[in-house]
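Trainee: Here is my input, please return the structure:
(one chain, ligands or ions: 1)
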Amino acid sequence: MPDLTPATLSTGRLLLRWMTEDDIAGHYAVFSDPVVTRYWSGEPWTDIEQARQAIAATMAAYADGSGLRLAIVLRDSAELIGNVTLHHFFEQNRRCEIGYALASKHSGQGHATEALRAVIQYGFDTLDLNRIEADIDPRNAASARVLEKLGFRKEGYMPERWIVSGEFADTVNYGLLRRYWEA
Ligand SMILES: CC(C)(COP(=O)(O)OP(=O)(O)OC[C@H]1O[C@@H](n2cnc3c(N)ncnc32)[C@H](O)[C@@H]1OP(=O)(O)O)[C@@H](O)C(=O)NCCC(=O)NCCS
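Mentor: Model prediction:
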């Protein structure tokens with residue numbers, strides 16, 4: 001697992017930074033929205049304690065190198081509008097997975113693509129990754145579009161991989177290689 005050191009990434013409109021306990025309310029706002037969790041592998045949060053535990057897990061993952069969740073923050077207002085996570089690191093194989101979520105009132109403005117572009121660059125340059133994987137619900141067309149805009153390629157399909165709210169959900173697997181990114 002990588003040795004993670006605090007970093008803030010900057011894009012035209014966004015800052016991507018490590019999360020702290022000050023982000024509990026903002027993180028809760030994102031994951032308590034059923035629009036955000038529609039294609040997530042869990043139900044919308046109903047108790048702020050869930051956000052408190054998630055932030056504690058996020059901070060523990062920084063310390064042991066098992067995951068890097070960055071807050072997506074608007075540069076203008078410092079408002080937390082979502083997060084992007086690199087996790088499931090396999091150091092020997094130089095690969096990991098990526099996950100992301102954006103508050104619904106801030107979607108449809110290119111924020112996810114902008115944020116992921118910066119995190120992917122960081123993953124290849126600083127964490128020396130060779131491959132980043134994503135798995136998404138095939139009905140999540142906006143998420144698929146984000147990945148495809150960034151050069152991810154569709155690699156596989158896994159039926160009924162998740163059960164969310166009693167409903168089976170399939171997975172489409174995507175992968176991005178460093179050489180696709182650099183081309
Ligand atoms: C999926 C998500 C990250 C997209 O964030 P976003 O900031 O709106 O994404 P962007 O604006 O960068 O790009 C979205 C793209 O999808 C397109 N899109 C949006 N809804 C679409 C739909 N229903 N069908 C097809 N394309 C769609 C947009 O037009 C845009 O493409 P374009 O730039 O070619 O016009 C955000 O909606 C989200 O967090 N959803 C909930 C959590 C989630 O599903 N996370 C991913 C799970 S792996």
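Trainee: What ranges does this protein have for its strands?
Mentor: 9-10, 14-18, 67-74, 80-90, 95-102, 131-136, 153-164, 167-177 (DSSP state E).
Trainee: and those, which is most packed in?
Mentor: strand 67-74 (a mean of 23; mean count of other Cβ atoms under 10 Å). C-beta: built from backbone N, CA, C; applies to glycine.
Trainee: Which strands border that strand, and is each parallel or antiparallel?
Mentor: Listed by DSSP bridges, the sheet partners of strand 67-74 and their directions read strand 14-18 (antiparallel), strand 80-90 (antiparallel).
Trainee: Give me the residues contacting the shortest one.
Mentor: Strand 14-18 is touched from outside by 6-10, 62, 70-75, 84, 111, 114-115, 118-119, with contacts defined as Cβ atoms under 8 Å, 6 or more residues apart in numbering.
Trainee: Centre of the chain to that strand, how far?
Mentor: 12 Å (Cα atoms, centre = their mean, to the nearest Å).
Trainee: and what of the longest one?
Mentor: Counting by Cα atoms, centre = their mean, strand 80-90 is centred 4 Å from the centre of its parent chain.
Trainee: and the angle for that strand with strand 131-136?
Mentor: Going by axes from the mean of the first three to the mean of the last three Cα atoms, to 10 degrees, strand 80-90 is angled at 120 degrees with respect to strand 131-136.
Trainee: which helices and strands sit right next to the helix ranked longest in the chain?
Mentor: Ranked by residue count and defined by DSSP state H, the top helix of the chain is helix 48-64. Contacts defined by 3 or more Cβ pairs under 8 Å, 6 or more residues apart in numbering; DSSP states H and E place helix 48-64 against helix 24-31, strand 67-74.
Trainee: Fine by me, thanks again.
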